[in-house]
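J.: After the sequence you'll find the predicted model.
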Amino acid sequence: MKIQIEINETLTEDEILIKCCCISDKILEIQKTISDIANSAHKIMFYKGNTEYYIAVDNILFFETDNGQINAHTRDDIYQVKYKLYELENILPGYFMRISKSAILNTKQIYSINRNLAASSIVTFTGTHKRVFVSRYYYKPLTSKLEEQRLH
């Protein structure tokens, strides 16, 4: 693979172009990584009542819907965000993933998964009593992502 950087002072914003003979998993992974880095500058504001909080997204265990609001769970607290889940999917780093219709999970914070073949599986986190349910539909993609992270 060849990597080139071309400086063009007439550009009004940076542009990244990927040239490839075909779309492969590796190319898609590169695109996702670049996108994650570009979006990491996007800050998510967290709220509790009238107070705004500045929390690193790495500290978020999961996001979930509750009575039409989106809650962000840390080990010790719950905050609200003013995004929909589908919007969060687009701005969160690649180690977050949808695990049900109502939740997005930080895969780096997982301690264990209690698999249940008949219903939703349960994810637990280190150092907290909190847990979240993974629907059967998302279980296999989640375990694949965890395996991929373990190998890198």
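T.: Yep, it's here. Numbering: from 1, shown residues only.

J.: Next, the contact list for residue 88, please.
T.: 44, 63, 70, 81, 96, 104 (C-beta atoms under 8 Å, 6 or more residues apart in numbering). No exception for glycine: its C-beta is placed from N, CA and C like everyone else's.

J.: most surrounded residue in the residues you listed?
T.: When neighbours are taken as other C-beta atoms under 10 Å, the top entry among the contacts of residue 88 is residue 63 (26 neighbours).

J.: Go ahead and list the helix or strand containing the residue nearest to residue 127 when sequence neighbours are not counted.
T.: Nearest non-adjacent residue to residue 127, counting by C-beta to C-beta, 6 or more residues apart in numbering: residue 75, 5.6 Å away. According to DSSP states H and E, residue 75 maps onto no helix or strand at all.

J.: tell me the contacts of the residue nearest in space to the middle of the chain?
T.: What sits nearest the mean C-alpha location of the chain, by C-alpha atoms, centre = their mean, is residue 96, with 1.8 Å. When contacts are counted by C-beta under 8 Å, 6+ apart, residue 96 touches 57, 88-89, 104-107.

J.: cool, residue 139 as well?
T.: By C-beta under 8 Å, 6+ apart, the neighbours of residue 139 are 113, 115, 121.
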